[in-house]
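> With the input below, show me the fold.
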Amino acid sequence: MEQPEITTHGSASMGAYRIELPGKDGLAELTWRGDEKVRIAKHTYVPPSMRGRGIAGKLVERLVADARAQGFRIVPQCSYVAAAFVRRPEWTDLLAD
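Numbers count the residues shown, from 1 in each chain. Predicted coordinates for the structure are as follows:
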């Protein structure tokens, strides 16, 4: 599978990372709230037609990449994002206090 395009949507206080796949129903999404210093990862959802492709992981990786590039910290309120941080201890420096 080729790399899916991740789009970003929202404002300075809330937003989402999204993936749509051609020929698949639905939209995968990781939503967040916050500001320029902290983003609270609220919810991650991947529709059944897109599951089993690592889509949710790609959304979290994009959140982490943006945190590194833009200098914000992450509060993993979403259980999927929290589990990803447990699996990837090299991301610990990005956790908000």
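
> Quick check, pLDDT for Met1.
We have a pLDDT of 54 for Met1.

> hang on, I meant Pro22
Pro22 is assigned a predicted lDDT (pLDDT) of 89.

> do you know how far it is from Glu5?
Distance check for Pro22 against Glu5: by Cβ to Cβ, to the nearest Å, it reads 10 Å. Using the backbone N, CA and C atoms, a C-beta is placed for each residue, glycine as well.

> cool, Pro48 as well?
20 Å.

> Equivalent analysis for Val64, please.
18 Å.

> These two: who's more crowded?
Taking neighbours as other Cβ atoms under 10 Å, Val64 and Glu5 compare with Val64 leading, 18 against 9.

> Check which element follows the helix or strand harbouring the more buried one along the chain.
Per DSSP states H and E, Val64 falls inside helix 55-70. Downstream of helix 55-70, the first helix or strand assigned by DSSP H and E is strand 73-76.

> and that following strand, what's its mean pLDDT?
For strand 73-76, the mean confidence score works out to 98.

> How far does it sit from its chain's centre?
Mean-position distance between strand 73-76 and its chain equals 10 Å (Cα atoms, centre = their mean, to the nearest Å).

> Then stretch 58-67?
The answer for stretch 58-67 is 5 Å, by Cα atoms, centre = their mean.

> Need the CA coordinates for that stretch. PDB is fine.
Output of stretch 58-67 as PDB, limited to C-alpha atoms (Å, rounded to 0.1, in the frame of the first residue of the first chain):
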ATOM      1  CA  LYS A  58       0.200   6.800  10.900                       C
ATOM      2  CA  LEU A  59      -2.100   9.500  12.400                       C
ATOM      3  CA  VAL A  60      -0.300   9.300  15.700                       C
ATOM      4  CA  GLU A  61       3.100   9.400  14.000                       C
ATOM      5  CA  ARG A  62       2.000  12.600  12.200                       C
ATOM      6  CA  LEU A  63       0.900  14.100  15.500                       C
ATOM      7  CA  VAL A  64       4.300  13.300  17.000                       C
ATOM      8  CA  ALA A  65       6.200  14.600  14.000                       C
ATOM      9  CA  ASP A  66       4.300  17.900  14.200                       C
ATOM     10  CA  ALA A  67       5.000  18.100  17.900                       C
END
